[in-house]
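Okay, predicted coordinates and the sequence, questions at the end:
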2 protein chains.
Amino acid sequence: MNSATLYISGYVPLMTAHLPFFDDDNTSSDQILLALRQSVDNIDAALIHMLAERFRHTQAIGKLKAKFSLPPADPKRETQQIARLRRLAQEAHLDPDFAEKFLNFIIREVICHHEAIAAKNPKK
Amino acid sequence: MNSATLYISGYVPLMTAHLPFFDDDNTSSDQILLALRQSVDNIDAALIHMLAERFRHTQAIGKLKAKFSLPPADPKRETQQIARLRRLAQEAHLDPDFAEKFLNFIIREVICHHEAIAAKNPKK
């Protein structure tokens, strides 16, 4: 009885069922851990690329705001974003509190960028 | 000269060129801001869904670790993840320091989840 699949909850084997070595009930816990980590690595690559694209857009917003002397932060917009992401998180079975913390983490970074752009481009 | 496109750097109009109202040089800064924010909202929805999928996998890892009494944190794995994400970030023109901060933010949350799972599932 050394098969990890016999011990852990049902969706773990399902997540690893596409892997070549998952062809019987003798898959070890090491193999399952490796398979799950490979998926996490793929997801992380996707996240990094989406974040890169997000920052391309927020940098454009930063330049626009600097040019038209708009404030770097926009509390009304942020409130709407938080409410929307909490709802999306709930639909995706992600902890809405974590989604909110995540957005705040990103927004803090974006505002720093906006302030840096504004400092480099004082209004003429 | 009220056209925002005349003032801001070249890639902002390019980013908004797919929008129906972007048909001349008279697009206002409000319209460009709205267009950029719509893209940010789409990207955020993608990020939330990727994060949800990431947590499905790390929860499975947490259960596996709890069952086999593996430690919630794995510093060697984390070092490899950070080096890889910094490289991916550089390729995607994302600040590698931000990518590292982002991964640390996510890992802190994941370790909390793993510890909670381990506390609920003491080894028999």
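Cool, got the structure.

Where in chain A is the helix or strand with the lowest mean pLDDT?
The helix or strand of chain A with the lowest confidence, counting by mean pLDDT, DSSP states H and E, is helix A:11-16 at a mean of 56.

Can you name the next helix or strand after that helix?
Toward the C-terminus, helix A:11-16 is succeeded by helix A:29-67 as the next helix or strand (DSSP states H and E).

and that following helix with chain B, contact?
Yes. For helix A:29-67, a contact with chain B is found by CB under 8 Å from any CB of the partner chain, at A:29, A:32-33, A:36-37, A:39-41, A:43-58, A:60-61, A:63-65, A:67. C-beta: built from backbone N, CA, C; applies to glycine.

what pLDDT does the residue nearest the centre of chain A get?
Among the residues of chain A, residue A:47 comes closest to the average C-alpha position under CA atoms, centre = their mean, at 5.3 Å. Confidence per residue is given as pLDDT, and for residue A:47 that number is 97.

Show me where chain A dips below the pLDDT cut-off.
A:1-27, A:122-124 (pLDDT under 70).

Please repeat the previous calculation with a cut-off of 80.
Low-confidence segments of chain A (pLDDT under 80): A:1-28, A:114, A:117, A:121-124.

wait, what's in contact with the closest residue to residue A:71 other than its chain neighbours?
Setting aside the residues directly before and after it, residue A:71 is nearest to residue A:65 in space (CB to CB, 6 or more residues apart in numbering or on different chains), at 7.4 Å. For residue A:65, the set of contacting residues under the criterion of CB atoms under 8 Å, 6 or more residues apart in numbering or on different chains consists of A:71, A:72, A:114, A:117, A:118, B:33.

Leaving aside the residues adjacent along the chain, what's closest to residue A:88?
Residue A:88's closest residue in space is residue B:48 (CB to CB, 6+ apart), at 4.8 Å.

now residue A:104
Spatial nearest neighbour of residue A:104, excluding adjacent residues (CB to CB, 6+ apart): residue A:82 at 7.8 Å.

and that neighbour, what element?
For residue A:82, the host element (DSSP H and E) is helix A:75-91.

Tell me the helices and strands packed up against the helix or strand just after that helix.
With elements assigned by DSSP H and E, the helix or strand that comes after helix A:75-91 is helix A:96-120. In this structure, helix A:96-120 packs against helix A:29-67, helix A:75-91, helix B:29-67, helix B:96-120, with contacts taken as 3 or more CB pairs under 8 Å, 6 or more residues apart in numbering or on different chains; DSSP states H and E.

Having no further points to raise, I will conclude here.
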